[in-house]
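[1] Okay, structure incoming, though there's no sequence with it:
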C-alpha cells in the first residue's frame, strides 16, 4: 500500500516493531521517537488508568525532547504525535513485560485453557495546537491448552520477553492455541487501528 499523502506529519512515540508495522499498514509515513521513561515508576490500581497514564507520560517525555531539539522542521504541516501502551490483565492482575524467562514461562503457562485481556491505549498530541486526547481498546483472548514444548520454543526465540504479559497471539506457534479473540489482533499487538484513525482525525481537525 502506498503511503497516503498526509496534511500532517506523524511521529510514532514507540520503538515497538509491531506498532511500526501496524501504522505502516494503515498507509502512513512516520518518524520514530522513543520516550525512554521509567514505566515502573508509574503505578495505578486500575489497568485502564495505567495504560492511559503510561501513554501520556511517553507523550510528555517526547514533547519535552522536541522542545529542546534544534532540528524541528519548520513548515506549514502540523505534527501529530502518537503514543501508546499495552498491558495484559489476567484474573484481575496487571501484567507488563516479564522480568525474565521464568516469569514469562509462568505467564504463558497460566493462559493455557484460560483467558486473558489486553488493554491498549492511544494518546495523540497535535504539536501545533496543543490538542491532546487519549482512549483505550480492550480485547479478550480465550486459549486452548498451550503445550510445554510450544512454551519452550517461544522462550528460546525470546520475542515473548519483550511484550506485555509475554503474550503474542499472532505468533505461528501460538495461533493454533488461540480459541477465540473478542476484538482485533492489531489491538493486542499494541496499536488498535480504528481507535488510532479516529483520534488522528480529531487531532488534525482540532
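    Cool, got the structure. In this text, all values refer to a predicted model and were calculated from it rather than measured experimentally.
[2] And the lengthiest helix in the chain, what's buried?
    Counting by DSSP state H, the longest helix found in the chain is helix 47-67. Under the neighbour-count criterion of 16 or more other CB atoms under 10 Å, helix 47-67 has 47-48, 50-63, 66 buried. For glycine as for every other residue, the C-beta is placed from the backbone atoms N, C-alpha and C.
[3] what about the helices in this structure?
    Remark: helices assigned in the chain by DSSP H are 17-25, 47-67, 101-111, 148-157, 185-188, 193-204.
[4] Point out the other helices and strands that the longest one packs with.
    It stands for helix 47-67. Identification of packing neighbours for helix 47-67 by 3 or more CB pairs under 8 Å, 6 or more residues apart in numbering; DSSP states H and E yields strand 79-90, strand 115-126, strand 132-143.
[5] Next: the shortest one.
    Helices and strands touching helix 185-188, as assessed by 3+ CB pairs under 8 Å, 6+ apart, comprise strand 115-126, strand 132-143, helix 193-204.
[6] any chance of these in TSV, with distance to residue 156 and mean neighbour count too?
    TSV is the format used below for those (distance: least, CB to CB, whole Å; neighbours: other CB atoms under 10 Å):
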stretch	distance to residue 156	mean neighbour count
strand 115-126	22	24
strand 132-143	20	19
helix 193-204	31	18
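[7] closest to residue 87 out of these?
    Closest to residue 87 of these is strand 115-126 (CB to CB; 5.5 Å).
[8] give me every residue that touches residue 20.
    When contacts are counted by CB atoms under 8 Å, 6 or more residues apart in numbering, residue 20 touches 12, 14, 30, 32.
[9] related to what we said a few turns ago, would you reformat the helices and strands packed on helix 47-67 as JSON lines and include mean pLDDT?
    Compiled in JSON lines, the helices and strands packed on helix 47-67 are given as follows (pLDDT from 0 to 100):
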{"stretch": "strand 79-90", "mean pLDDT": "95"}
{"stretch": "strand 115-126", "mean pLDDT": "97"}
{"stretch": "strand 132-143", "mean pLDDT": "98"}
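[10] Quick one: those strands as JSON lines, columns for distance to residue 154 too.
    Putting these into JSON lines (distance: least, CB to CB, whole Å) gives the following:
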{"stretch": "strand 79-90", "distance to residue 154": "15"}
{"stretch": "strand 115-126", "distance to residue 154": "15"}
{"stretch": "strand 132-143", "distance to residue 154": "13"}
